[in-house]
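> structure for the following, please:
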Amino acid sequence: MSVAEAVLLGVVQGLTEFLPISSSAHLVLVPAVLGMDDPPLSFLVLLHAATLLALIAYFRRELVELAMTLRRPRSRKVVWLLAAGTVPAAVIGYLFEERFERSFGKPFQVALQLMATGVILAGIEGLTRRRQKPEPTEGIPESEDSVDELATSLSIGGAVAVGFAQALSIIPGISRSGATIAAGMGAGMSRDLSARFSFLLAIPILAGTSIFKAPDLAGAGVSVAAMVAGFIASLISGYVAIWATIGYLRRRGLLPFAAYCLVVGGVLALFL
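From the prediction side, this is the model:
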């Protein structure tokens, strides 16, 4: 793998990990379309570690607040919400990891599953618009205290539902952020608050995956220069994607992402 290819895959991972369009699908489909060799799974884990660092950097205030205020009932509840949302994905990922990893070599199947992500996003957006008044598109302030907002906006049962949605994203082509944002909206949260919970929920999963797969990096077959370049590209693009996604969902809906998944998945399914 060249440095240029590593940077390309790093940018793809960073952007698509947090935009609800499936990073796993793009990391399969982009190399297939461009005629690149399939990237080693251990290299993909390195890119995920970079997006983990981007998450920690973006949510540093919330993470410090949680650590410093665990005696507060609302802070403890948020920790329990994150734990409840992590367990389903951790258990299902551990049990079925090898089975779903084999799907990475099947671009046609991944393209179809990307279309399924589009259906999920369109469905939850339509459901939300029917049951709620339209949200204002201007003058929406940023969250003053997302820790307190999460504690008051989501139940433990809702967090478990989001956790099962996260577990569904072990299937390549099903967007982790898309599925969890959709589940959060289904549980009654706003789009941007669902995105914040979705991204916070990614921290323990990405951390566990990075630690578990770290020994495989030595056998990745990728040069140090390519690994460093891919890591930096994924870190920077991931941070930008977090900021852009939360800002966008504060004012707009999921339909453009749904359309993207349906069109791109459909076109690629026809040609792959």
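> can we go C-alpha only for contacts and neighbour counts from here?
Will do.
> quick one: average pLDDT of stretch 123-143?
For stretch 123-143, mean pLDDT rounds to 61.
> can you check stretch 68-81 too?
Mean pLDDT, computed over stretch 68-81, is 85.
> return the set of buried residues in it.
R74, S75, R76, K77, V78, V79, W80, L81 (16 or more other CA atoms under 10 Å).
> what sits up against it?
Stretch 68-81 is contacted by residues L66, V147, D148, L150, A151, T152, L154, S155, I156, A159, V160 when judged by CA atoms under 8 Å, 6 or more residues apart in numbering.
> mean confidence for the helix or strand L8 falls within?
In this structure, L8 sits in helix 3-18 according to DSSP states H and E. The average pLDDT for helix 3-18 rounds to 91.
> what packs against it?
The contact analysis (3 or more CA pairs under 8 Å, 6 or more residues apart in numbering; DSSP states H and E) places helix 3-18 against helix 23-34, helix 41-58, helix 176-186, helix 224-249.
> then the third one to CSV, C-alphas only?
These are the backbone C-alpha positions of helix 176-186, laid out as CSV (Å, rounded to 0.1, in the frame of the first residue of the first chain):
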residue,chain,number,x,y,z
ARG,A,176,-22.9,2.5,12.8
SER,A,177,-23.6,6.3,13.2
GLY,A,178,-26.7,6.0,11.0
ALA,A,179,-28.2,3.1,12.9
THR,A,180,-27.6,4.6,16.3
ILE,A,181,-28.7,8.1,15.4
ALA,A,182,-31.9,6.5,14.0
ALA,A,183,-32.5,4.5,17.1
GLY,A,184,-31.9,7.6,19.3
MET,A,185,-34.4,9.5,17.3
GLY,A,186,-36.8,6.6,17.6
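> what's downstream of it, the next helix or strand?
Helix 176-186 is succeeded, C-terminally, by helix 191-213 (DSSP H and E).
> run the angle between that following helix and helix 224-249 for me.
With axes from the mean of the first three to the mean of the last three CA atoms, to 10 degrees defining the directions, helix 191-213 sits at 160 degrees from helix 224-249.
> can you list contacts of the helix holding L8?
Residues outside helix 3-18 that contact it (CA under 8 Å, 6+ apart) are 22-23, 26-27, 47-48, 50-51, 175-177, 199, 225-227, 229-242, 245.
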